[in-house]
Every structure is written in C-alpha cells, then in structure tokens.
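Engineer: I would like to see how this sequence folds:
(chains A and B)
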Amino acid sequence: MSPYFVELGPQSLWYLLEGAGRTLWLGIWAIALGTILGILLGCIRTYSRVGAILLAPLIDITRSVPLIIQIVLINSALGISGFFWGPFVVGVLVLGVYTASYTSEVVRSGLQAVPDVTKRAGRALGLTGLQNFVFIIAPIAGRIAFPGWINVVLGSLKDTSLVAVIGYVELLRASQIVITQTQEALIVLAVAGGIYFVMCFAISAVAKRVETMQR
Amino acid sequence: MIVLNNVEKRYGSLEVLKGVSFTVETGEVLSIIGPSGSGKSTILQCMNGLEPIQGGEIIVDGVSVHAKGTNLNTLRQKIGIVFQQFNTFPHLTAIQNAALGPRRVLGAPKKEAVERARVQLEKVGLGDKLDHYPSQLSGGQQQRLAIARALAMEPSYMLFDEVTSALDPGLVREVLETMKLLAEDGMTIVAVTHEMAFARDVSTRVAYFDAGNIVEIGPAREIFANPAHASTSAFLSHIQH
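Structural biologist: Reported below is the predicted structural model:
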C-alpha cells in the first residue's frame, strides 16, 4: 500500500454513516418543507385560477431546470446578495421548493380525482364547503395521492446527493472522500449504494403498510 | 310541502327546465317519469339548491331555495337525496358514512350519531355490514347505504334520482323494497325513476316529464290507465313493451 493512501477500515464505514445521517437530516427538512408547501400550492392551483396562473412559472422552472443547476445558481445568487446561509439551509430551501413543485402536482391530481358526485353527496348532506373539504375531499384525495407522494419522497431523498456541489458532505460526497483516501471505489460505492437502498427500502416498506392500513 | 313555481334552468344556451310548476304535498310519493335526458334529474338537484336556477322559484316549507339569504346547509338537512351514481364515501365504513351527517352537520355527540346511523342501517337491511367499507358492498348495498346516510339526518323529504339505473338487474329489487318501506312509513318522496312498477304501485302521484316540462301529473293509476296526452301514452306503451 502506498504511503499516500489510508487503509479501508471501520473509521471509513463510520464516516459513511455520518454522511448518511446528514443525508437523512437534509432529506427530512427538505421533504417536510416540500410537503407542506406542496400541499398548499396544490390546493391553490386546484381551486384558484389566478393562483394557478401565477404559480405556473415557478412549477415549470423548478421541474424543467436540472436540480444541480438550481442549487448552484441559487447558492451563487444568495452569495452575491450577501446571504451566506451555508450549504444545509440553501440545500433545504432549493430541494424543498423542488419537492414542493412535484408534490403540488401529485396533490392536484388527487384532488381532481375525487368524483363530482361524491363531493355533491357531501354538500347535499348539509356539510359546508370547508367541512366537505376536510371530511370528504381531503381524505379521499390524500389516499389517491399517497403513492405518488412516496415516489417524490424517494426521489428527493436521493437528490440530496446533489447538494454536495455546494459543499454539503452527505453520503455520496462522504463516499467520494473515502474513495480518494483509500482508492477502494468499488467497495465504498457498493456500501454507499447499500445504505441508500436501506433508507429508501425502509420508506417504501412503511408506505406499503400505511397503504394497506387505509385500504 | 315543496312548491315549484315556473322554474327555468339553462346550461348555456340549452334550456333544461322551461317553466316547471308543481307541488309536492307532505306525505305523498311523487314519481317523475319520462324519456332519458329530458331534465328530470335536474329538477331534484334544483330542489336542494345543488343547481342554481335562472327563473322562477322553488319553495320548501315556506323557504325560497334560491333566494339570496337562504342558508342552504340548513335547508339541506331536511332534504335527503340519493343519486344514480354510487356516492357513498369510500374512505369511511358504512356506520361512519351514516354517522357523518348527524355528527358534523347536526353536531350530535359521537355516541348519539353512531346510534342514529345504526338504526337507519338496520332499517335498510345493512345491520350486519356496519364496519364494511363501500368497496366491500354490492351496488345495491351501496345504494341502500346512501339511503341510510340520508335518513340518519331525519329529513322531511327524500329525493331519489334514478337510484336503480346503475344497478345490475338482480340488485334493483332490494333497493326498490327499501324505498317502498320508506313510502309506507309516510316519508315524503320525490323519485325520478324508470321503474314503472314502482311508479304505478308505490307512488301516490305520477308526473310525466318531457322536453323540459311537466306534460301531465296526476294519481298514479290514472296516468297509467288513461294518460291524457298522446306523448305520455306513447312513452308508456314504449317502455312497457
């Protein structure tokens, strides 16, 4: 072994796990922000024509420009404007808005899939518009939208790796560092991939449980 | 009592109701029959304000449905309606479906709402399906659930909008039986229907509706035995053969 490199060992695995922790931490915040914002945007786009028109550019841009470019551009724009919020906050913001625009699409299709006659039945009982939304429309739409939202969550969790470009050391960046140190690309990438798999598989498994529970 | 006074309804340039007038007396069963697409269902949807009207007036127990100050949510509490398409709430069990109205609209305590729901579900013969979801029920059972859900509000009127039209032939009878039971209980019913046996044998009066207006209205036996209008007898002879 060349003196310039480090032996692959437990400390390498520990370093990867720390990276995985940061992936999760960033993912949780970005997904939470994206989900709350996405539900809000989805409702606005479904129920307000003006809102839909005003929001269209935001949705189109965030969905059409590669996320990595968005991250770099927003980070630079914030820097130029004097806001040095660090890679975590910028990552949460950009990935959160990106998640929100996809989530809003899923929410919108869920709301639109609730049959007209079901909505009418609710109003015919004497429910107010708001009650009808809370007790009938939202729960039905939520069940329809749930699998699509899980797709968005899994995508966003993996997209946290792109925040590495502005210096956030998450799982993928951590594995690149370990590869540079040890020159063991194959093993390190396999382990990193395995960790991503475990995280995503756990989420899908829980989602599947929730889906069968709500039938 | 429900009074329709010269009711006009348009969808764009399409005139659906062209000055419809008739009265539904308390305790009677009125069947509205007529060709498909003639606007029969629209009448029911106007009665509880689900559809706006462009002219005339509908008065339910002295309250003008489409007047500006009318609280439709309050008015709808006493007008139950069941639609042609299955319209139960798919995310709720049978008992939850039927308890929702009493609980959320009438503000009944949960226990009382559930009790009211259970009584009505038993009445329509779903006493053993309380915890079933609509997806686990047949079409006929779903329609009976929709009836029970409306009944749990203890309405003064029940509107039936071709409730058997989407059902397999084998399931029609159980729903008609339930409606008949209600009629015998003295419920005021307006039923848009293609079930001529129901119109003839269960209803007190029958209205023949065609091309946006009531052609004739009268005691059921009379309409079936001696229709006054040529179009009524043409419709009846066509549908009965």
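Engineer: make it CA atoms for all contacts and neighbour counts henceforth
Structural biologist: OK.
Engineer: any buried residues in stretch B:118-136, and which?
Structural biologist: By 16 or more other Cα atoms under 10 Å in any protein chain shown, the buried positions in stretch B:118-136 come out as B:118, B:119, B:120, B:121, B:123, B:124, B:125, B:126, B:129, B:130, B:133, B:134.
Engineer: and the average pLDDT for that stretch is what?
Structural biologist: Mean pLDDT, stretch B:118-136: 95.
Engineer: say whether chain A is contacted by it.
Structural biologist: No. Using Cα under 8 Å from any Cα of the partner chain, stretch B:118-136 never reaches chain A; the gap is at least 9.2 Å.
Engineer: so what would you say the end-to-end distance of that stretch is?
Structural biologist: 18 Å (Cα to Cα, to the nearest Å).
Engineer: touching it from outside, list them.
Structural biologist: Defining contact as Cα atoms under 8 Å, 6 or more residues apart in numbering or on different chains, one finds that stretch B:118-136 is touched by B:88-95, B:98, B:141-142, B:144-145, B:147-149, B:151-152, B:178.
Engineer: now find how far off-centre it is within its chain.
Structural biologist: Centre-to-centre, stretch B:118-136 and its host chain are 20 Å apart (Cα atoms, centre = their mean, to the nearest Å).
Engineer: cool, stretch A:143-161 as well?
Structural biologist: With Cα atoms, centre = their mean, you get 6 Å for stretch A:143-161.
Engineer: just the buried positions in it, please.
Structural biologist: Neighbour-count burial for stretch A:143-161 [16+ other Cα under 10 Å]: A:143-150, A:152-154, A:156-161.
Engineer: only C-alpha atoms, please: export it in CSV.
Structural biologist: C-alpha atoms of stretch A:143-161 as CSV (Å, rounded to 0.1, in the frame of the first residue of the first chain):
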residue,chain,number,x,y,z
ARG,A,143,-55.3,8.3,-0.3
ILE,A,144,-55.2,8.7,-4.1
ALA,A,145,-52.1,11.0,-3.8
PHE,A,146,-50.2,9.0,-1.3
PRO,A,147,-48.3,6.5,-3.5
GLY,A,148,-47.3,9.4,-5.9
TRP,A,149,-46.1,11.4,-2.9
ILE,A,150,-43.9,8.5,-1.7
ASN,A,151,-42.3,8.5,-5.2
VAL,A,152,-41.5,12.1,-4.8
VAL,A,153,-40.1,11.5,-1.3
LEU,A,154,-37.8,8.7,-2.5
GLY,A,155,-36.6,10.9,-5.4
SER,A,156,-35.9,13.8,-3.1
LEU,A,157,-34.0,11.7,-0.6
LYS,A,158,-31.7,10.6,-3.4
ASP,A,159,-31.5,14.1,-4.8
THR,A,160,-29.9,15.3,-1.6
SER,A,161,-26.7,14.0,-3.1
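Engineer: so residue B:115 is in which element?
Structural biologist: Using DSSP states H and E, residue B:115 sits within helix B:110-123.
Engineer: OK, contacts around the closest residue to chain B within chain A?
Structural biologist: Minimum separation of chain A from chain B (Cα to the nearest Cα) falls at residue A:126, amounting to 4.3 Å. By Cα under 8 Å, 6+ apart, the contact list for residue A:126 reads B:72, B:73, B:74, B:75, B:76, B:77, B:101, B:105.
Engineer: at 6 Å what do you get?
Structural biologist: B:73, B:76, B:77 (Cα atoms under 6 Å, 6 or more residues apart in numbering or on different chains).
Engineer: quickly find the element holding the nearest residue to it once chain neighbours are set aside.
Structural biologist: Once flanking residues are discounted, residue A:126 sits nearest to residue B:73: 4.3 Å by Cα to Cα, 6 or more residues apart in numbering or on different chains. Assessed by DSSP H and E, residue B:73 sits inside helix B:72-76.
Engineer: and the pLDDT at residue 4?
Structural biologist: With no chain named, the answer covers chain A. Reported pLDDT for residue A:4: 76.
Engineer: that's the other chain; I wanted chain B
Structural biologist: The per-residue pLDDT reported for residue B:4 equals 96.
Engineer: pull the CA atoms of the host helix or strand of it into CSV?
Structural biologist: Per DSSP H and E, residue B:4 falls inside strand B:2-11. What follows is strand B:2-11, C-alpha atoms only, in CSV (Å, rounded to 0.1, in the frame of the first residue of the first chain):
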residue,chain,number,x,y,z
ILE,B,2,-92.4,21.7,-1.9
VAL,B,3,-93.7,24.2,-4.4
LEU,B,4,-92.1,24.7,-7.8
ASN,B,5,-93.2,27.9,-9.5
ASN,B,6,-92.4,28.4,-13.1
VAL,B,7,-88.8,27.1,-12.7
GLU,B,8,-86.4,27.8,-15.5
LYS,B,9,-83.0,26.2,-15.8
ARG,B,10,-80.4,26.6,-18.6
TYR,B,11,-77.0,25.2,-19.2
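Engineer: so, low pLDDT: which residues of the chain?
Structural biologist: Using chain A. A:1-3, A:215 (pLDDT under 70).
Engineer: could you do chain B instead?
Structural biologist: Looking at chain B by pLDDT under 70, you get B:240-241.
Engineer: burial count for residue A:54?
Structural biologist: Per other Cα atoms under 10 Å in any protein chain shown, the neighbour tally for residue A:54 reads 12.
Engineer: scratch that, residue A:134 is what I was asking about
Structural biologist: Residues contacting residue A:134 under the criterion other Cα under 10 Å number 12.
Engineer: list phi and psi for it.
Structural biologist: Main-chain torsions, residue A:134, degrees, to the nearest 10: phi -70, psi -40.
Engineer: please report the distance of it from residue B:104.
Structural biologist: Per Cα to Cα, residue A:134 is found 11 Å from residue B:104.
Engineer: equivalent analysis for residue A:15, please.
Structural biologist: Residue A:15 is 54 Å from residue B:104, where distance means Cα to Cα.
Engineer: got it, and residue A:18?
Structural biologist: Separation of residue A:18 from residue B:104 (Cα to Cα): 49 Å.
Engineer: between these two, which one's more packed in?
Structural biologist: The residue with more neighbours, out of residue A:18 and residue B:104, is residue B:104; 19 against 16, by other Cα under 10 Å.
Engineer: what about the closest residue to the more buried one other than its chain neighbours, neighbour count?
Structural biologist: Distance criterion Cα to Cα, 6+ apart; nearest residue to residue B:104, sequence neighbours excluded, is residue A:127 at 7.3 Å. Counted with other Cα under 10 Å, residues neighbouring residue A:127 total 26.
Engineer: now the phi/psi pair for residue A:127, please.
Structural biologist: phi -70, psi 140.
Engineer: where exactly do the strands run in chain B?
Structural biologist: B:2-11, B:14-24, B:29-33, B:55-60, B:63-64, B:79-82, B:157-161, B:188-192, B:205-210, B:213-219 (DSSP state E).
Engineer: centre-most residue in chain A?
Structural biologist: Among the residues of chain A, the one closest to the centroid is residue A:156, at 3.1 Å (Cα atoms, centre = their mean).
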